[in-house]
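Undergrad: Build the 3D model from these lines:
(chains A and B, ligands or ions: 1)
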Amino acid sequence: MSLGERTPPAVDDRSRGGPEDVLRAVRDFQQGADREQSFELLFRRFRPRVERFLAPRVFSPEERLDLTQAIFLRIYKGLEGYRGEGSLEGWVLHIAFNVYRDWRDRQPGGRNAVPEISIEDLPVAPEPAPGAQVPSPSAAASPLDRIVREERLEALRQAISELAPKQRLCVELHVYQERTMQEIAAALRISPETVKAHLFQARQRLWDKLHTTFGTVEF
Amino acid sequence: MAERPSDFRGTLLELIDASPEPMDHPSPDQWIAYQRGDLSADDEARFQEHLVRCRDCFDLAAAAADFAQPDEKPGAAQELETAALWRLLRPQLDPPPQNVRKITDGPKRPSRGFRLPTRLAATFFVALVGMTAWNLQQWSARKAPRPNVPIFDVVANQRGPAGQELTMPAGPQILVLHPDPSEQLPVYHLTIRDATSRELFSYKLRLNRDLALTLYLPAGLPPGRYRLELADGAGKVLETDLLRVTAPE
Ligand SMILES: [Zn+2]
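TA: Just a heads-up that it's a prediction; the model follows:
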């Protein structure tokens, strides 16, 4: 059942979850009117989304169960203070995401998580991707090195800027964020095949323009 | 100067790092709107640029994609999962203030749903929920079929005759203990010991609205024999019971 859709009661009244029902449940909850039943409606409303969110990210059913409970308990505790500044859906997403992220960051090597780079909290200073060899300015030993480096940067900047916007985004997300084609596809709202095609074309174009500068253009 | 091996990637990383750092992180609502295609073309392009530099927003945007999908009508298996999960969650919800019990109030009968048979007043019920039931439908849709294990309860024996055991299979376990309702304590201590009386786990538990103590063991106890000891806050043992966890078939 999606927002804005009238849904017939599936099992009983608690299975309803239309927007009005949900808002009424929040109001009732906050006013202390049968909090449990009000919360159950919200639970039934949002549980499928939380499940959709966790299923591809947390492989262990037990961990998923723990996280689902943690998410809804945090919703329960926070609901009193929800003032409707944003949508309830966005608020729930925020909580679910934070609970998941805390869990993921605690995982040794992210074993149960989708393989990805571990991240710090909201980026204050950008971290270079692990394994990436980022030449630091101080490492440039001689003026000649610096000139060569500047030339390379400029050549790359030029070549990258000549790519089609989506091609450039795909390359940058693939290299900088080390994201898979599926992840990029979901983030850019395009198909994985399109991402693949963008990367392929970008690789060819960049090779044409940069192979004399870099020798290889690999990503 | 000697030509270094290709550092295309390194140079690209440097180039992106040198670009302006993203500041305004879109809100979860904005990422949901983005995923639903509700943004203007300009905003959409701006958000996509943001994704390059901001790992958190990338992850949040991906999460928003899962949230933005319309819900399908839940099937029977999913209803079952949801019901099982609600059952697990409900006792953990804080009781509202009007339901806070004073110890001096004396015994109270459980008020809602569950009626405790007086004969079993001094016993444990151990309720086990086969939690595999809760993860049926969506995983099978993801080609990870799981057996359809229904929810089941096991009502424990009365404590007393030595050697009488509760039996439950290995796997995720939920223990629901019903201590003597005539003596409601603010806190209970549950200790799980192995066959040699060695303490394995110890939990501090509070009564929920059904006057029960609920403990979820996500990893479950491995097959073996155990003793459950329920004690008051001072450590005085109130109840004990024997438990046998059997190997999965
Ligand atoms: Zn951001």
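Undergrad: per-domain residue ranges of chain A.
TA: Domain segmentation of chain A under automatic domain parsing yields A:14-112, A:143-214.
Undergrad: can you put the ones you listed in CSV and add distance to chain B?
TA: Backbone N, C-alpha and C define where each C-beta goes, glycine included. As requested, these are exported to CSV (distance: least, Cβ to the nearest Cβ, whole Å):
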stretch, distance to chain B
domain A:14-112, 4
domain A:143-214, 4
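Undergrad: Now B:Pro186. Its backbone dihedrals?
TA: Backbone torsions for B:Pro186, taken as degrees, to the nearest 10, come to phi -70, psi -30.
Undergrad: Would you agree it is in contact with B:Arg206?
TA: Yes. At 7.0 Å, B:Pro186 counts as touching B:Arg206 under the criterion of Cβ atoms under 8 Å.
Undergrad: So between these two, which is more surrounded?
TA: B:Arg206 (14 against 11; other Cβ atoms under 10 Å in any protein chain shown).
Undergrad: and the nearest residue to that one once chain neighbours are set aside, what does it touch?
TA: Leaving aside its chain neighbours, B:Arg206 sits nearest to B:Val187 (5.8 Å; criterion: Cβ to Cβ, 6 or more residues apart in numbering or on different chains). B:Val187 is in contact with B:204-206, B:232-233, counting by Cβ atoms under 8 Å, 6 or more residues apart in numbering or on different chains.
Undergrad: Surely A:Gln201 touches A:Arg168?
TA: No. The criterion here is Cβ under 8 Å, and A:Gln201 misses it with A:Arg168 at 11.0 Å.
Undergrad: quick one on the thing from earlier: just so I know, which of the domains of chain A lies nearest B:Thr82?
TA: Across the domains of chain A, B:Thr82 has its closest neighbour in domain A:14-112 (5.5 Å, Cβ to Cβ).
Undergrad: Quick one: distance of that closest one to the chain centre.
TA: 17 Å (Cα atoms, centre = their mean, to the nearest Å).
Undergrad: pLDDT on it, on average?
TA: Throughout domain A:14-112, pLDDT has a mean value of 89.
Undergrad: Report the contact partners of the closest residue to A:Phe53 other than its chain neighbours.
TA: Of all residues not flanking A:Phe53 in the chain, B:Asp66 sits nearest, at 4.3 Å (Cβ to Cβ, 6+ apart). Contacts for B:Asp66 (Cβ under 8 Å, 6+ apart) come out as A:49, A:52-53, A:56.
Undergrad: Looking at these, spot the one nearest the ion.
TA: Closest approach between the contacts of B:Asp66 and the ion, by Cβ to the ion: A:Phe53, at 18.1 Å.
Undergrad: Which members of the contacts of B:Asp66 are positioned in helices?
TA: A:49, A:52-53 (DSSP state H).
Undergrad: on that earlier part again, the residue nearest to A:Phe53 falls within a helix, correct?
TA: Yes. Counting by DSSP: H, G, I helix; E, B strand; the rest coil, B:Asp66 is found in a helix.
Undergrad: B:Leu200: neighbouring residues, count only.
TA: 12.
Undergrad: Helix, strand, or coil at A:Trp37?
TA: Slight slip there: residue A:37 is Gln, not Trp. helix.
Undergrad: Kindly report the same for the one 5 residues further on.
TA: Each residue gets one of three states, and A:Leu42 gets helix by three-state DSSP.
Undergrad: Spell out, range by range, the helices that occur in chain B.
TA: Remark: helices assigned in chain B by DSSP H are B:8-17, B:28-35, B:41-53, B:55-68, B:76-89, B:137-141.
Undergrad: same check, this time on chain A
TA: Under DSSP H, chain A gives helices at A:19-31, A:35-54, A:61-78, A:88-106, A:143-161, A:165-176, A:181-188, A:192-214.
Undergrad: does A:Trp91 really touch A:Tyr82, like I thought?
TA: Yes. Counting by Cβ under 8 Å, A:Tyr82 is a contact partner of A:Trp91 at 5.9 Å.
Undergrad: So between those two, which is more surrounded?
TA: Set A:Trp91 next to A:Tyr82 and count neighbours by other Cβ under 10 Å: A:Trp91 wins out with 21 against 16.
Undergrad: quick one: contacts for the more buried one?
TA: Contacts for A:Trp91 (Cβ under 8 Å, 6+ apart) come out as A:82, B:28.
Undergrad: List the buried residues in stretch A:75-92.
TA: Residues of stretch A:75-92 classed as buried by neighbour count (16 or more other Cβ atoms under 10 Å in any protein chain shown): A:75-76, A:79, A:82, A:86-92.
Undergrad: can you list these in JSON lines and add distance to A:Glu154?
TA: Below are the buried residues of stretch A:75-92 laid out as JSON lines (distance: Cβ to Cβ, whole Å):
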{"residue": "A:Ile75", "distance to A:Glu154": "51"}
{"residue": "A:Tyr76", "distance to A:Glu154": "55"}
{"residue": "A:Leu79", "distance to A:Glu154": "54"}
{"residue": "A:Tyr82", "distance to A:Glu154": "50"}
{"residue": "A:Gly86", "distance to A:Glu154": "43"}
{"residue": "A:Ser87", "distance to A:Glu154": "45"}
{"residue": "A:Leu88", "distance to A:Glu154": "49"}
{"residue": "A:Glu89", "distance to A:Glu154": "45"}
{"residue": "A:Gly90", "distance to A:Glu154": "42"}
{"residue": "A:Trp91", "distance to A:Glu154": "45"}
{"residue": "A:Val92", "distance to A:Glu154": "46"}
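Undergrad: Looking at those residues, which is nearest A:Gly32?
TA: Looking across the buried residues of stretch A:75-92 and measuring by Cβ to Cβ, the closest to A:Gly32 is A:Leu79, at 11.5 Å.
Undergrad: which one is that closest one nearest to, not counting chain neighbours?
TA: Leaving aside its chain neighbours, A:Leu79 sits nearest to A:Phe29 (5.6 Å; criterion: Cβ to Cβ, 6+ apart).
Undergrad: now do B:Leu190
TA: B:Tyr203 (4.7 Å).
Undergrad: okay, stretch A:172-183 in PDB with CA atoms only?
TA: Provided in PDB are the C-alpha atoms of stretch A:172-183 (Å, rounded to 0.1, in the frame of the first residue of the first chain):
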ATOM      1  CA  GLU A 172      33.500   9.400 -10.500                       C
ATOM      2  CA  LEU A 173      31.200   7.200  -8.400                       C
ATOM      3  CA  HIS A 174      32.900   4.100  -9.600                       C
ATOM      4  CA  VAL A 175      36.400   5.400  -8.900                       C
ATOM      5  CA  TYR A 176      36.000   7.800  -6.100                       C
ATOM      6  CA  GLN A 177      33.400   5.900  -4.100                       C
ATOM      7  CA  GLU A 178      34.300   2.500  -5.400                       C
ATOM      8  CA  ARG A 179      30.700   1.700  -5.900                       C
ATOM      9  CA  THR A 180      29.400  -1.300  -7.900                       C
ATOM     10  CA  MET A 181      27.400  -0.800 -11.100                       C
ATOM     11  CA  GLN A 182      24.200  -1.900  -9.200                       C
ATOM     12  CA  GLU A 183      24.800   0.700  -6.500                       C
END
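Undergrad: Lovely, talk soon.
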